[in-house]
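[1] build me a structure from this.
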Amino acid sequence: MKKLLATLAIALSFAATAQENVTIYYAFSPADSIANYGRTLVQEANRIQTKYNFMFDTKPGAGNAIAANFVKTNPNTILFTSSAFFIRPEFYPNESYEVRDFREFMPFCTSPVAISSVKYKSWDEVPKDRPLNIGVSGLGVTTHLISLQIVDKYPNAQAVPFKSTSEAFMGLISGSLDFSLGFLTDHHAWASDPARKVQTYVLGITGAKPMLGYKPIAGMGFNPVTKLLNIPHHMVVPVTTPDAKFKEWRAILTQAVQAKTVLDSYKADMCEPLVLKDNELDSWYTEQHQKWKKLTTGIKLN
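    The predicted structure follows:
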């Protein structure tokens, strides 16, 4: 009897102190530098409190639709995504999800996209009379949208989908692609290192201002809309998430996101912080939905 009571006491004690798991799912490859935002965030969140055990995981594929649909149907999950979240349903409404089934939880930051090549040192060298392949992080995502601006100038070009920007970049390094679209610092690390066996060249970036010495492609004869195509990285949750949990999680993660480790991960990607108050989340979500809907209107995918 004493042994039984002792076992029950231990079980009750464990139940009283057990943490509730909450998983943040990144919608692309764990090899992406952007994934570090999630990793550093959960480390800090678990350091500052004990009620919840935040975890980080990934579910890449289908332009973030796999992760979005998983989070939608699984409690205690948060989706870490990008502007692809708003774009994918516009391009593939029958193979995606409903934006209205989610709500904004927390924006991280906004980063430029780099266009790189190993075959061409400048746009002047790019031929217009031969097929060209552009590596993108899936179909119906931001890099796909940007690639269409390249196709507009080079009609023989086509987008080649990968699960992530990091996988697309490896396709470039292997020589199977003419161009790859991805995050600036990932591409800059290769382009700026003469010791690399494969030399890469950053031909330009999205956005309206130069970064790390690279110029926006908007000033190189491409559509000025590319000034608007920097990528916001953010987290959303299903609208079915209990309001009490939403507030608790957000209070914890709003504190955690201010940690130096998290902010340093932004700086590593030249990602400009997006700081929103609680009462600004819904309007930002609506604005982003409308922005990307407008930017995709009239675009037909082959």
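[2] need the contact list for the closest residue to P155 other than its chain neighbours.
    Closest residue to P155 apart from its sequence neighbours, by Cβ to Cβ, 6 or more residues apart in numbering: K128 at 7.5 Å. (C-beta placed from N, C-alpha, C; glycine too.) By Cβ atoms under 8 Å, 6 or more residues apart in numbering, K128 lies in contact with Y154, P155, N156.
[3] now swap in V113 and tell me
    T142, T143, I146, L181, G182, F183, L184, I205, T206, L229, N230, I231.
[4] so which elements touch the helix or strand hosting A65?
    Assigned by DSSP states H and E, A65 belongs to helix 65-73. The elements that helix 65-73 packs onto, with contact taken as 3 or more Cβ pairs under 8 Å, 6 or more residues apart in numbering; DSSP states H and E, are strand 20-26, strand 77-81, helix 84-91, strand 231-238.
[5] 7 Å - rerun?
    When contacts are defined as 3 or more Cβ pairs under 7 Å, 6 or more residues apart in numbering; DSSP states H and E, helix 65-73 packs onto strand 20-26, strand 77-81.
[6] helices of the stretch 1-150 of the chain, start to end?
    2-17, 35-48, 65-73, 84-91, 142-153 (DSSP state H, counting those that start in this stretch).
[7] so where is the chain shaky, pLDDT-wise?
    By pLDDT under 70, the weakly predicted segments of the chain are 1-17, 302.
[8] and the closest residue to I115 other than its chain neighbours, how many residues sit next to it?
    Spatial nearest neighbour of I115, excluding adjacent residues (Cβ to Cβ, 6+ apart): L203 at 5.0 Å. A count of nearby residues for L203, using other Cβ atoms under 10 Å, gives 23.
[9] now the helix or strand containing L203 and helix 142-153, what's the angle there?
    Using DSSP H and E, L203 maps to strand 201-205. Relative orientation of strand 201-205 versus helix 142-153 (axes from the mean of the first three to the mean of the last three Cα atoms, to 10 degrees): 90 degrees.
[10] strand 201-205 - contacts with which helices or strands?
    Packed next to strand 201-205, using 3+ Cβ pairs under 7 Å, 6+ apart, are strand 113-117, helix 184-191.
[11] dump the ones you listed to CSV, plus distance to C271.
    Listed next are the helices and strands packed on strand 201-205 as CSV, based on distance: least, Cβ to Cβ, whole Å:
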stretch, distance to C271
strand 113-117, 11
helix 184-191, 9
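[12] ranking those by burial, who's on top?
    strand 113-117 (a mean of 26; mean count of other Cβ atoms under 10 Å).
[13] all helices in the stretch 201-302 of the chain, in order from the N-terminus.
    Under DSSP H, counting those that start in this stretch, the stretch 201-302 of the chain gives helices at 243-256, 260-268, 281-296.
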